[in-house]
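Undergrad: Attaching a predicted model along with its sequence, questions to come.
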Amino acid sequence: MTAVPITLSPSAAARVAFIATKQAKPAILRLSVEGGGCSGFQYRFGLADAPDAEDSVTETDGVTLVVDPASLDLVSGCVVDYVESLGGAAFKVENPNAVAGCGCGSSFAV
């Protein structure tokens, strides 16, 4: 495991901790990137039981964020946040590598 050049905001860490407690799982958020979406790539979030040996790892307020090696190049330098607005609540990735994105913010292009 190596250190991740990604930041998990305190609000995102608090939300992951809340979800993990409700589901009786460890507070480990996996961020991955898959092909698809309206802009070419899309983010995937899920709780993990443990980091894989090749994952990059960062921690904020006791919550671990893990990223697989294939996704890391596409999300390096990102900030993962949790935002609540009138339109709903969601994890949001602020990605400095993205040159385009869709209106809903769930997909991007590099």
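TA: Thanks, I have it.

Undergrad: Nearest residue to Asp49 in space, please, no chain neighbours.
TA: Spatial nearest neighbour of Asp49, chain neighbours left out: Pro26 (6.4 Å); criterion: Cβ to Cβ, 6 or more residues apart in numbering. Just so you know, the C-beta spots here come from the backbone N, C-alpha and C atoms, and that holds for glycine as well.

Undergrad: so what's the residue nearest in space to the middle of the chain scoring on pLDDT?
TA: By Cα atoms, centre = their mean, the mean C-alpha position of the chain lies nearest to Leu31, the distance being 3.9 Å. pLDDT for Leu31: 94.

Undergrad: likewise the one 4 residues further on?
TA: Looking at Gly35, its pLDDT reads 80.

Undergrad: separation between it and Lys92?
TA: Per Cβ to Cβ, to the nearest Å, Gly35 is found 20 Å from Lys92.

Undergrad: and stretch 66-84, how far apart are its ends?
TA: The first residue of stretch 66-84 is 23 Å away from its last residue (Cα to Cα, to the nearest Å).

Undergrad: what about that stretch, average pLDDT?
TA: On average, stretch 66-84 scores 91.

Undergrad: still on that earlier bit, so how far is Leu86 from the residue nearest to the centre of the chain?
TA: Distance of Leu31 to Leu86, computed by Cβ to Cβ: 26 Å.

Undergrad: ok, Gly35 and Lys92, which is more surrounded?
TA: Lys92 (18 against 8; other Cβ atoms under 10 Å).

Undergrad: name the element that one belongs to?
TA: Element membership for Lys92 (DSSP states H and E) is strand 88-94.

Undergrad: Any idea how far that strand is from the middle of the chain?
TA: 9 Å (Cα atoms, centre = their mean, to the nearest Å).

Undergrad: Send over it as CSV, restricted to the C-alpha atoms.
TA: C-alpha atoms of strand 88-94 as CSV (Å, rounded to 0.1, in the frame of the first residue of the first chain):
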residue,chain,number,x,y,z
GLY,A,88,-29.8,16.1,-2.9
ALA,A,89,-26.7,14.8,-1.1
ALA,A,90,-23.8,13.1,-2.7
PHE,A,91,-20.1,12.4,-2.7
LYS,A,92,-18.4,14.9,-5.1
VAL,A,93,-15.0,14.5,-6.6
GLU,A,94,-13.1,17.8,-7.4
